[in-house]
Structures are given as C-alpha cells and as structure tokens.
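Visitor: Got a sequence here, can you model it:
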Amino acid sequence: MTTRNVEDYLETIWNLQDKKGYVKAKDIAERLEISRPSVSGMIRKLSENSYILYERYGGIVLTKKGKKLAQEIKERHTLLVDFLKIIGVDEQNAQTDACKLEHDISPETINCLLKFVEFISLLPESSEWKENFQECLERKGLLEVSSKKRKIAKKKILKERENKKI
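Guide: Prediction:
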C-alpha cells in the first residue's frame with residue numbers, strides 16, 4: 001500500500017514526463033510547491049522502492065512498477081474529474097477535489113463510477129435526466145423541481161424497488 005504522498009509524487013513525475021519529456025528534482029519541487037530537500041528525500045524513497053530510476057544531478061525516470069502505479073493514479077484522477085463535472089462541479093474544483101479523493105477511494109467505488117460515467121457518456125444529449133438534474137442544480141435543490149416531475153420520479157423509484165423484490 002502506498003501513501004498519499006508517494007502517489008502525489010508519482011503522479012507529478014508522470015505528468016511532468018508527459019509534458020516535458022524529462023523530469024528533474026527542481027521541477028517536482030516547483031510543481032508541488034515544496035522544498036528541494038523534501039523532494040530529495042522522497043526521490044531516495046521512491047528509488048529504494050523501485051518506483052523510479054535516479055542518478056544524482058540527472059533525470060528521474062519511472063520504472064515499470066512506477067509507471068503502472070502512476071497510470072492507475074492518473075486514471076482514477078481523470079475518472080473522478082469526469083464524474084464531478086457530470087454532476088455540475090466546475091473544472092477547477094473538479095481537479096482539486098479529484099486530487100483529494102483519488103487516494104482514498106476503494107476499487108469497488110472506482111468500478112461503479114467508471115460504469116456510471118461510461119453509461120452517462122452513451123446517453124443522448126437530449127436525455128431527460130440531464131435536463132432534470134440541470135434544473136435541480138440551477139434551482140439549488142430537489143425541493144425546487146416541479147411537483148409533477150418529483151411525483152413522476154418517485155413513482156419510477158417505487159416501481160424499480162417493487163421489481164427488485166420480485
């Protein structure tokens with residue numbers, strides 16, 4: 001099990017490597033807004049745990065093990081951002097919140113979110129639920145949604161529950 005700190009470093013190295021093609025300790029310090037000595041300590045730890053290859057005064061390269069974990073973290077992050085944007089969170093907050101959530105979320109929840117995001121992406125833009133949810137967001141809550149739509153939604157939920165009992 002890796003720590004949040006290790007995951008943050010691996011994700012940062014992945015992103016820098018993707019953007020610049022190479023990674024230096026000073027780049028990590030700048031991106032994470034931390035001191036160079038702190039970065040040096042973590043680089044040593046990542047190297048000892050076979051997540052990176054590092055030569056002093058040289059570049060930092062993710063190992064196969066490091067790439068695998070960094071890619072998993074990045075995929076979780078992207079999925080969480082996509083989900084948060086679907087439910088109406090703006091891009092900046094979605095990015096910030098995804099950074100917090102990506103470390104503590106269970107694999108089961110990730111799988112459910114993945115299925116949900118894939119399902120939503122297949123729905124037509126004219127999908128009724130999207131319009132209803134957008135109306136709910138704009139009016140700041142379900143109590144503001146028309147009583148007719150609430151009754152219809154309640155009937156659907158009750159019917160689904162009955163069908164599951166059978």
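Visitor: Poorly predicted segments of the protein, please.
Guide: 1, 126, 140-150, 164-166 (pLDDT under 70).
Visitor: how is it carved up into domains?
Guide: Partitioning the chain according to automatic domain parsing yields domains covering residues 4-69, 75-122, 128-165.
Visitor: Switch those over to CSV; also include mean neighbour count.
Guide: No exception for glycine: its C-beta is placed from N, CA and C like everyone else's. Conversion of the domains of the chain to CSV gives the following (neighbours: other C-beta atoms under 10 Å):
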stretch, mean neighbour count
domain 4-69, 16
domain 75-122, 14
domain 128-165, 11
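Visitor: Using PDB, write out every CA atom in whichever helix in the chain runs longest.
Guide: Taking DSSP state H as the criterion, the chain has its longest helix at helix 64-86. As requested, C-alpha coordinates have been extracted for helix 64-86 and formatted as PDB (Å, rounded to 0.1, in the frame of the first residue of the first chain):
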ATOM      1  CA  LYS A  64       7.800  -0.200 -15.000                       C
ATOM      2  CA  LYS A  65       6.400  -0.600 -11.500                       C
ATOM      3  CA  GLY A  66       6.300   3.200 -11.100                       C
ATOM      4  CA  LYS A  67       4.600   3.700 -14.500                       C
ATOM      5  CA  LYS A  68       2.000   1.200 -13.600                       C
ATOM      6  CA  LEU A  69       1.100   2.800 -10.300                       C
ATOM      7  CA  ALA A  70       1.300   6.400 -11.800                       C
ATOM      8  CA  GLN A  71      -1.000   5.400 -14.600                       C
ATOM      9  CA  GLU A  72      -3.500   3.900 -12.200                       C
ATOM     10  CA  ILE A  73      -3.500   7.100 -10.200                       C
ATOM     11  CA  LYS A  74      -3.900   9.200 -13.300                       C
ATOM     12  CA  GLU A  75      -6.800   7.100 -14.500                       C
ATOM     13  CA  ARG A  76      -8.500   7.400 -11.100                       C
ATOM     14  CA  HIS A  77      -8.000  11.200 -11.200                       C
ATOM     15  CA  THR A  78      -9.400  11.500 -14.700                       C
ATOM     16  CA  LEU A  79     -12.400   9.400 -13.800                       C
ATOM     17  CA  LEU A  80     -13.100  11.500 -10.700                       C
ATOM     18  CA  VAL A  81     -12.800  14.700 -12.700                       C
ATOM     19  CA  ASP A  82     -15.200  13.400 -15.300                       C
ATOM     20  CA  PHE A  83     -17.700  12.300 -12.700                       C
ATOM     21  CA  LEU A  84     -17.500  15.600 -10.800                       C
ATOM     22  CA  LYS A  85     -18.100  17.500 -14.000                       C
ATOM     23  CA  ILE A  86     -21.100  15.400 -14.800                       C
END
